[in-house]
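# Output the structure for:
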Amino acid sequence: MGWRSLMISRPARLRREHFSLAIEQGETVTIPFEDIAVIVLNHRQITLTHPVLSACAEYGIALYALGENHQPNGVFLPFLQHTRTTRMLRLQLRAGKPLLKQAWAAIVRKKIENQARCLQLAGQVGSKRLSAMAANVRSGDTENLEGQAAAFYFPRLFGNGFFRGEGGWLNAALNYGYAILRGAIARGLVAHGLHPSQGIFHANEQNAFNLADDLIEPFRPLVDLRIFQSACRAKEEKDALTSEDKAEFVGILNVDVGMSNGSMATLSAIEYAVESLCRLFETRVPVLDLPSLLGLNAHQYEY
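Residues are numbered from 1 along each chain as shown. Here you go, the predicted model:
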């Protein structure tokens, strides 16, 4: 499985050279496709060849395009890469509401636990109240504790004047980080034969990534913590995302999180979470392997 996350922020030409990606920027750098998990195209003067797109599909690489607002507006994913795609789709469609409600409760519970941990790591108050909310999540989250937790959490992390959906650097940064995670999760879902539009809780008919939007929830506080620390490091309030910001947020995919069998990079944790989702659909046992927020330490790969 690939582990490198590439952000290309200068004019470049991308082409395939045997089993590697060749990046031409004055000089040519080659990177084995098998090492790459994510490519982010962060400049309007980047060209690439059809064999590069084909290789991305062949090696399961998520390729992001950024729009005029410098936010991810598209992701290229492998098509029907899994050998049992039809079987997995049938299992998804046959999952009953009781199973889906229990799975959603597990996702919401872990998300709120990670929000509590995020406040602790950020040195902000309120983690005990969030932990109490997490303990009270029931099947289907009928009391909407997810929404209550978010309304309590964000002002304590980013200040009382902060609201999601407004303009400004903080929300742009959150949207960017979430989009990177969302695409990586969609990549994992497709690679395991799951259909990303068939969600557990999210069910928007115009959303091609409902299932990714379900599974992303426990991972979101990882983005929140990175952006909190990035904002704290800035000497003055930022106006727009810089290339350095974007590279830092793509690097979230290589931050360690806790899973049932130990700590691992977020990219690997996504794979384990997706595999547990496949088992849930196959066995009808509502047990998911979801990440626990540890901090922002980058995973140390062995070469």
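# Next, count neighbours for Thr242.
13 (other Cβ atoms under 10 Å). Every C-beta, even on glycine, is put in place using the N, C-alpha and C of the backbone.
# Give me the residue at the spatial middle of this structure.
Taking Cα atoms, centre = their mean as the criterion, Leu181 is the residue nearest the geometric centre of the chain, at 1.7 Å.
# From Leu6, how far out is Leu253?
Using Cβ to Cβ, to the nearest Å, Leu253 is found at 11 Å from Leu6.
# Show me where the chain has its strands.
All strands of the chain, identified by DSSP state E, fall at 4-8, 12-17, 20-25, 27-32, 36-41, 46-48, 62-66, 72-76, 255-259, 262-265, 292-298.
# pLDDT-wise, which helix or strand of the protein ranks last?
The weakest-scoring helix or strand in the chain, judged by mean pLDDT, DSSP states H and E, is strand 72-76 (a mean of 77).
# and the angle from it to strand 36-41?
With axes from the mean of the first three to the mean of the last three Cα atoms, to 10 degrees applied, the angle from strand 72-76 to strand 36-41 works out at 140 degrees.
# Can we start the residue count at 106 from this point?
Happy to do that; since the first residue is 106 now, the last one works out to strand 177-181.
# For strand 177-181, list the C-alpha coordinates in PDB.
C-alpha atoms of strand 177-181 as PDB (Å, rounded to 0.1, in the frame of the first residue of the first chain):
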ATOM      1  CA  PRO A 177     -10.100  20.400  -3.600                       C
ATOM      2  CA  ASN A 178     -12.900  20.200  -6.100                       C
ATOM      3  CA  GLY A 179     -12.400  16.800  -7.600                       C
ATOM      4  CA  VAL A 180     -10.800  13.500  -6.900                       C
ATOM      5  CA  PHE A 181      -9.900  10.700  -9.400                       C
END
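# Report the buried residues of it.
Under the neighbour-count criterion of 16 or more other Cβ atoms under 10 Å, strand 177-181 has Pro177, Val180, Phe181 buried.
# what does stretch 221-232 give?
Using 16+ other Cβ under 10 Å as the test for burial, stretch 221-232 gives Ala221, Arg222, Cys223, Leu224, Gln225, Leu226, Ala227, Gln229, Gly231, Ser232.
# ok, back up a step: output the buried residues of strand 177-181 as a markdown table; include the columns distance to Glu322.
Below are the buried residues of strand 177-181 laid out as a markdown table (distance: Cβ to Cβ, whole Å):
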| residue | distance to Glu322 |
| --- | --- |
| Pro177 | 18 |
| Val180 | 19 |
| Phe181 | 24 |
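# which one of the residues you listed is nearest Gly367?
Val180 (29.0 Å; Cβ to Cβ).
# List the contacts of the residue nearest to that closest one when sequence neighbours are not counted.
Spatial nearest neighbour of Val180, chain neighbours left out: Gly288 (4.1 Å); criterion: Cβ to Cβ, 6 or more residues apart in numbering. If a contact means Cβ atoms under 8 Å, 6 or more residues apart in numbering, then Gly288 has Val143, Ala167, Tyr169, Pro177, Val180, Leu182 as its contacts.
# mind redoing it with 6 Å?
Counting by Cβ atoms under 6 Å, 6 or more residues apart in numbering, Gly288 touches Ala167, Tyr169, Val180.
# Looking at the buried residues of strand 177-181, spot the one nearest Ala378.
Distance to Ala378 across the buried residues of strand 177-181 (Cβ to Cβ) is lowest for Val180, with 18.2 Å.
# Next one: that closest one from Lys351, what distance?
Per Cβ to Cβ, Val180 is found 15 Å from Lys351.
# Ok, Ala277 next?
Computed as Cβ to Cβ, the Ala277 to Lys351 distance reads 10 Å.
# And for Ala374?
22 Å.
# So if I had to pick from the two, which one is more boxed in?
Using other Cβ under 10 Å, the more surrounded residue of Ala374 and Lys351 is Ala374, with 26 against 22.
# Next, the contact list for the more buried one, please.
So Ala374 contacts Val362, Met364, Pro396 (Cβ under 6 Å, 6+ apart).
# Kindly report the same for Ser397.
Going by Cβ under 6 Å, 6+ apart, Ser397 touches Gly363.
# I figured Ser244 hits Ala211, correct?
No - using Cβ atoms under 6 Å, Ser244 is not in contact with Ala211, being 9.6 Å away.
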